[in-house]
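Asks: here is the input, now give the coordinates:
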Amino acid sequence: CALCKKQTCLNRSKYINYQTCNVCYCRCPTEICLTVHKQLKSCKPKKLCDKCHKGIDPKLFDDETQSHPNCSLKYCNVCKCYKPQDHDFCYVSIYKPKIGFDPEEVNDGSLPNGKNNMQVYYFDFETKFVTNVQKDRVELVPNLCCIEKESGKVIEFYGDDATQQFTEWLLGEEADGRHIVYAHNFAGFDAYPVLEYFFSCAMSPQFLFRGQKCLQIVYKPCKLIFRCSFNFFPFPLADFMKAF
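Replies: Prediction:
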């Protein structure tokens, strides 16, 4: 969860009665999430806008109108700035990719002694055929996920919910939330179970596609990157030793 940094409320789609923080005016799915969120440094005091009912940075807040300058404007994804509501024309600006982050600059001050705690993992899915009666088709469902750390330690997740166990473990405290995860067939298959889990939990990762192949997934709240190692070594793993 991007608000409380815990994995107990990842599946936010099942919560109805959200709790509003009286400090930053964000909406937490549960009272536990709200209590933990208030103890974090990310919960900074904001002022509530009377027009859009959102928490606004005090520096941008106008005390006279009880709103902020961009309240009556809308953000244009093409112009990359705020425009009037009736704005229906714009120009295409130079594309500046912002997906991902520099692994050498992941230390945001939250790590002890300024140490870089970035870790690299390698994983692979093993699947089985399952008949989906509702969709009337046969699907490949991961029932085993093996992930290996740089230290050589191997962790395995079993069952039809192996993808959920694997993703929640990465997003949890055990991995400390700063890591790059590689799979050799990530663009061809392994990316799609991960994307399906993110979307089922109403989470919004960034992803990079080339045609129908997903080359990279980035979930910024936990500084998590999934990448396809086939882009670096375009040959089967069985021929890996022959290349050197």
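Asks: now the residue nearest the centre of the chain: how far from residue 44?
Replies: Centroid-nearest residue in the chain: residue 219, 2.2 Å away (criterion: C-alpha atoms, centre = their mean). Residue 219 sits 22 Å away from residue 44, going by C-beta to C-beta, to the nearest Å. C-beta: built from backbone N, CA, C; applies to glycine.
Asks: did I read that right, residue 191 in a helix?
Replies: Yes. Judged by DSSP: H, G, I helix; E, B strand; the rest coil, residue 191 forms part of a helix.
Asks: where along the chain do the helices fall?
Replies: Here the chain has its helices, by DSSP state H, at 31-38, 162-171, 191-200.
Asks: pull out the buried residues from the shortest one.
Replies: By neighbour count, with 16 or more other C-beta atoms under 10 Å as the criterion, the buried positions of helix 31-38 are 33-34, 36-37.
Asks: which other helices and strands contact it?
Replies: strand 19-20 (3 or more C-beta pairs under 8 Å, 6 or more residues apart in numbering; DSSP states H and E).
Asks: tell me the mean pLDDT over the strand it packs on?
Replies: Per-residue pLDDT over strand 19-20 has a mean of 83.
Asks: which residues touch it?
Replies: For strand 19-20, the surrounding residues in contact (C-beta atoms under 8 Å, 6 or more residues apart in numbering) are 26-31, 33-34.
Asks: and the furthest pair within those?
Replies: Farthest apart among these by C-beta to C-beta are 26 and 31. That separation is 13.8 Å.
Asks: how far away is the residue nearest to the centre of the chain from residue 52?
Replies: From residue 219 to residue 52 the distance is 26 Å (C-beta to C-beta).
Asks: and residue 133, by the same measure?
Replies: Distance from residue 133 to residue 52, by C-beta to C-beta: 45 Å.
Asks: could you do residue 75 as well?
Replies: For residue 75, the distance to residue 52 - C-beta to C-beta - is 12 Å.
Asks: which one's more surrounded, those two?
Replies: Taking neighbours as other C-beta atoms under 10 Å, residue 75 and residue 52 compare with residue 52 leading, 13 against 10.
Asks: mind listing what the closest residue to that one other than its chain neighbours touches?
Replies: Closest residue to residue 52 apart from its sequence neighbours, by C-beta to C-beta, 6 or more residues apart in numbering: residue 71 at 5.2 Å. With contact set as C-beta under 8 Å, 6+ apart, residue 71 has these partners: 49, 51-52.
Asks: what about the residue lying closest to residue 243 once chain neighbours are set aside, how many neighbours?
Replies: In space, and not counting its chain neighbours, residue 243 is closest to residue 235: 6.6 Å by C-beta to C-beta, 6+ apart. Residue 235 has 11 neighbouring residues, counting by other C-beta under 10 Å.
Asks: okay if I get the contacts of strand 19-20 as TSV plus distance to residue 208 and pLDDT?
Replies: Converted to TSV, the contacts of strand 19-20 look like this (distance: C-beta to C-beta, whole Å; pLDDT from 0 to 100):
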residue	distance to residue 208	pLDDT
26	28	83
27	29	80
28	30	82
29	29	81
30	33	81
31	37	82
33	30	84
34	34	84
